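1. Requesting a structural model of the entry that follows:
(one chain, ligands or ions: 1)
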Amino acid sequence: MIDRILAKRIVPVVVLDDAESAAPLAEALLAGGLDIMEITFRTAAAEESIRSIATSFPEVLVGAGTLLTPEQAQRAKDAGAVFGLAPGLNPEVIKTARAAGLEFSPGVMTPSDIEAALSLDCKLLKFFPAGAAGGPGMLKALAGPYAHTGVKFIPTGGISSANLADYLALPVVAAIGGSWMVDKKLVAEGKWDEITRLTKEALAAAS
Ligand SMILES: O=C(O)C(=O)C[C@H](O)[C@H](O)COP(=O)(O)O
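-> Numbers count the residues shown, from 1 in each chain. Coordinates of the predicted model:
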């Protein structure tokens, strides 16, 4: 699973208000060359959207984002999510995700967060909110003392095609996450061709 994220190095983060949008969105991403998506647990449609992708698009690696409670982690796994992420680090969520067999990356932003994650044996961490926290320079400085532990990061928050290469150039960055190519407005308006175009542009910038 992790190898597949690392291969494309981009995780589109999507907020879906309507589970009916999940399938055309998956098709738009696939047409752009991305077979991965993170559906955030911020809407009532998240669970059904994950189930719809897991059932209809077995070739897509579907994950759940914004997992704030153990119960959400379990629901995400039961709906078919194969990975989970959160903006922060909640030991109870980590415990439940692990017991359920859901690959989970907690969010970190400080040295203490990283040490808490390492003590819970988490080595692939979301760095959030990447841009507001200081961008690639901040992540480089933050990760310095921990690089030898094998920890890797998925910076997310404020990333776009314009700056993703600066993050991906850091050896500690496994992949980047972001919502710009699957913007809520584009999804609501059914602008699938534009999502495909932005996905291609992002993959080109990442390579
Ligand atoms: O919900 C989560 O699991 C998160 O970690 C937060 C999201 O990844 C960001 O909200 C995406 O940020 P933008 O790309 O700036 O829109």
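
2. Can you pull up the residues of this structure that come close to the ligand?
-> Taking CB under 6 Å from any ligand atom, the part of the chain that reaches the ligand is made up of 13, 40, 65-66, 85-87, 107, 126, 128, 156-159, 177-180. C-betas here are computed from N, CA, C, even on glycine.

3. Now which of the residues you listed would you call buried?
-> 13, 40, 65-66, 85-87, 107, 126, 128, 156-157, 159, 177-180 (16 or more other CB atoms under 10 Å).

4. How is the residue of the chain positioned farthest from its centre assigned, secondary-structure-wise?
-> Residue farthest from the centre of the chain, counting by CA atoms, centre = their mean, is Pro145 at 24.2 Å. Of the three states, Pro145 takes helix according to DSSP: H, G, I helix; E, B strand; the rest coil.

5. show me what contacts the closest residue to Gly101 other than its chain neighbours?
-> Among residues not flanking Gly101 along the chain, Lys77 sits closest, at 6.8 Å (CB to CB, 6 or more residues apart in numbering). Shown in contact with Lys77 (CB atoms under 8 Å, 6 or more residues apart in numbering): 84, 97, 100-102.

6. what's the most distant pair in these?
-> Gly84 and Gly101 (10.8 Å; CB to CB).

7. out of those two, which sits in the busier spot?
-> The residue with more neighbours, out of Gly84 and Gly101, is Gly84; 26 against 8, by other CB atoms under 10 Å.

8. In a strand, the more buried one, correct?
-> Yes. When three-state DSSP is applied, Gly84 is found to be in a strand.

9. so it touches Phe104, yeah?
-> Yes. With contact defined as CB atoms under 8 Å, Gly84 reaches Phe104; the gap is 4.5 Å.

10. what sits in contact with each of the two?
-> Contacts common to Gly84 and Phe104, judged by CB under 8 Å, 6+ apart, are 67, 73, 97.

11. Quick check: which ranges of this structure have low pLDDT?
-> Scanning the chain for pLDDT under 70 picks out 1.

12. what's the burial count for the nearest residue to Leu30 once chain neighbours are set aside?
-> Among residues not flanking Leu30 along the chain, Val60 sits closest, at 7.0 Å (CB to CB, 6+ apart). Residue neighbour count, defined by other CB under 10 Å, stands at 20 for Val60.
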